[in-house]
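Enquirer: make a model of this:
(4 chains)
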Protein chains: 2
Amino acid sequence: MSLTHYLKNTVPFPAEELADIISHFERESVQKNKPLVREGQVCAKLYFIEKGVGRSYSLKEAGKEVTQWFFVEGQFMSSIESFFQQNPSLYYLEMLENAVLYSITREKLDLLFARYHNMEKLGRLLSTEMLTRVANKLNAIQFQTARERHDYMLAEFPNIANRVALGHIASYLGMTQETLSRIRRANP
Amino acid sequence: MSLTHYLKNTVPFPAEELADIISHFERESVQKNKPLVREGQVCAKLYFIEKGVGRSYSLKEAGKEVTQWFFVEGQFMSSIESFFQQNPSLYYLEMLENAVLYSITREKLDLLFARYHNMEKLGRLLSTEMLTRVANKLNAIQFQTARERHDYMLAEFPNIANRVALGHIASYLGMTQETLSRIRRANP
DNA sequence: TGAATTATTTGACATAGGTCAAAAGAAACC
DNA sequence: GGTTTCTTTTGACCTATGTCAAATAATTCA
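Expert: Below is the predicted model of the structure:
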């Protein structure tokens, strides 16, 4: 889904606002597995994914990678707390496939928030939506068994199973890859 | 903390905007343990807590209550997804102490969002802040041991331990009350 | 294509935290 | 103030999922 399309569908921007907003984004082609942000850096940009899948992850003891979130086409991607609070990021951000992104810096975004009431509304709606998604995952992680969490994931990210490594999904779901592998075997 | 004070501290509202905004809220004294919202109802109001502690919780098998979140003085409280998406609430909402709240309906809030760009910004900032909090809890629940989660809770809700029942805190932290009791004994 | 690398599956065993039951302590109420 | 009710603690035992290690399977790339 294109950025223009996405914006129009979310808030009814007048054409000239839309054009100005889009003009503040920059198109980027990025290669898979090249970190967009590293842990400890302040995340400088908010990305919109036109094509590709991305993830945020962190390194635990013994260099073990733990995936925190997946981002797919038609979604915004960032190390959200870092980008909005300008704190050092707790996560790495990378694309898992060669991808096409549209990026915007914090300054430009703030300018757009201040300039257009509609844009501020978009920001509010996106935050609220993300809040709902994170709350859903929290619910899954806190109250569901490994198998139920696997089902939650299929609903939240349909078809991601075919695009990303089992180990990434397992850590996203808070289980080992051995456990996920056994669940897949048991679930037809 | 009063609502006026809180609003002023978050976004620099001109005095007349502030007065108009405040006038759309209603002061309510509510008794402890009386549900403000029941599971399955659409949550009609957003509350600001001037005095008291509240929680959201749901009923699991065998009528077991599971606390999902705590809300303290100077915070907004609601069944957030229900209030903003107008879906049936997944949770009950109640105060755990006799309390003083300021409430606003969705219609009035939407009117304020549309009327004042500043208000939209407040909404965005609150969403983002809540998102950060939920993400922090998710991180704790997913990656930390029972003992570390207990420490996370002390940081997120300092001093709540003295105000609410151990069983409520245990279920909030995703552990049994027996486990929380043993942690408290072990941690001086 | 075939060797090297990386990802997934399988098996044997360990453990944090759960469950169930009962005792001890607090709080509420007549 | 003593009885009832609710909350917290303690103990014995159990289980879902983790850990470690090794065997397959799938990808990558010379």
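Enquirer: does A:G40 touch A:Y91 like I think?
Expert: No: checked against C-beta atoms under 8 Å, the pair A:G40 and A:Y91 is beyond contact range at 9.9 Å. Backbone N, C-alpha and C define where each C-beta goes, glycine included.
Enquirer: of those two, who's got more company?
Expert: A:Y91 (24 against 11; other C-beta atoms under 10 Å in any protein chain shown).
Enquirer: tell me if the helix or strand hosting A:K121 is near chain B.
Expert: With elements taken from DSSP states H and E, the one containing A:K121 is helix A:117-143. Yes: residues of helix A:117-143 contacting chain B under C-beta under 8 Å from any C-beta of the partner chain: A:117, A:120-121, A:123-124, A:127-128, A:130-132, A:134-135, A:137-139, A:141-143.
Enquirer: residue numbers of chain A in contact with DNA strand D?
Expert: A:145-147, A:174-176, A:178-179 (C-beta under 7 Å from any atom of the strand).
Enquirer: quick one on the thing from earlier: among the residues of helix A:117-143 next to chain B, name the buried ones.
Expert: Using 16 or more other C-beta atoms under 10 Å in any protein chain shown as the burial test, these include A:117, A:120-121, A:123-124, A:127-128, A:130-132, A:134-135, A:137-139, A:141-143 as buried.
Enquirer: please identify the helix or strand for the closest residue to A:K34 other than its chain neighbours.
Expert: With sequence-adjacent residues excluded and distances taken as C-beta to C-beta, 6 or more residues apart in numbering or on different chains, A:K34 is closest to A:E94, at 6.6 Å. If you go by DSSP H and E, A:E94 is part of strand A:92-95.
Enquirer: give the next helix or strand downstream of that strand.
Expert: As assigned by DSSP H and E, the chain's next helix or strand after strand A:92-95 is strand A:99-105.
Enquirer: got the angle between the following helix or strand past that following strand and helix A:117-143?
Expert: The helix or strand immediately downstream of strand A:99-105 is helix A:106-115, counting by DSSP H and E. Calculated by axes from the mean of the first three to the mean of the last three C-alpha atoms, to 10 degrees, helix A:106-115 forms an angle of 120 degrees with helix A:117-143.
Enquirer: got the angle between helix A:106-115 and strand A:99-105?
Expert: Using the same axes, to 10 degrees, helix A:106-115 lies at 70 degrees relative to strand A:99-105.
Enquirer: tell me what helix A:106-115 is packed against?
Expert: helix A:15-23, strand A:45-51, helix A:117-143 (3 or more C-beta pairs under 8 Å, 6 or more residues apart in numbering or on different chains; DSSP states H and E).
Enquirer: flag every buried residue along it.
Expert: For helix A:106-115, by 16+ other C-beta under 10 Å, it's A:106, A:108-109, A:112-113.
Enquirer: out of everything not next to it in sequence, what's closest to A:Y116?
Expert: A:E17 (5.4 Å).
Enquirer: that neighbour and chain B, how far apart?
Expert: 13 Å (C-beta to the nearest C-beta, to the nearest Å).
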